[in-house]
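A.B. asks: requesting a structural model of the entry that follows:
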Amino acid sequence: MGTDGTLENRLWESADQFRAKLEKGGSKGGGTGTTRSAARAWMTRRRITPTVAPMIRVSQVLQRQIQNLRWTRVLLLPRLLSGQIPLTAKENYANI
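C.D. replies: Numbering: from 1, shown residues only. Below is the predicted model of the structure:
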């Protein structure tokens, strides 16, 4: 789960950087106060969370599936190459 937390942090950092770029480009009258920036950041996160949270969940599920496929490959490939798991002509789809 450590990877998922890192992904979530990277997504939030990207959103914050994007918001900062928009504010920098759009504000011509100087900088904003720290409290105002914190409030804007909080409001931005609050608006983005319903959109980003499902993406994070999907990413976590996909990462688990990828890991399961990697383990399956690690377990099956040596058996296939050694002949422990035979392939008949019907099962060999490479010849189709």
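
A.B. asks: residue 45 touches residue 15, doesn't it?
C.D. replies: Yes. Between residue 45 and residue 15 there is a contact at 7.4 Å, judged by C-beta atoms under 8 Å. (Glycine included, C-beta is placed from N, CA and C.)

A.B. asks: who has more neighbours out of those two?
C.D. replies: residue 15 (18 against 14; other C-beta atoms under 10 Å).

A.B. asks: spit out the contact partners of that one.
C.D. replies: 44, 45, 48, 52 (C-beta atoms under 8 Å, 6 or more residues apart in numbering).

A.B. asks: which of the residues you listed are buried?
C.D. replies: Buried residues within the contacts of residue 15, defined by neighbour count using 16 or more other C-beta atoms under 10 Å: 44, 48, 52.

A.B. asks: ok now do the second one, which residues does it touch?
C.D. replies: Meaning residue 48. Going by C-beta under 8 Å, 6+ apart, residue 48 touches residue 15.

A.B. asks: helices of this structure, residue ranges please.
C.D. replies: 2-26, 34-82 (DSSP state H).

A.B. asks: okay, the ones you listed in TSV with mean pLDDT and distance to residue 88 next?
C.D. replies: Output for the helices of the chain, formatted as TSV (pLDDT from 0 to 100; distance: least, C-beta to C-beta, whole Å):
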stretch	mean pLDDT	distance to residue 88
helix 2-26	73	40
helix 34-82	86	13
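
A.B. asks: nearest residue to residue 19 other than its sequence neighbours?
C.D. replies: residue 44 (5.2 Å; C-beta to C-beta, 6 or more residues apart in numbering).

A.B. asks: centroid residue for the chain?
C.D. replies: What sits nearest the mean C-alpha location of the chain, by C-alpha atoms, centre = their mean, is residue 59, with 4.3 Å.
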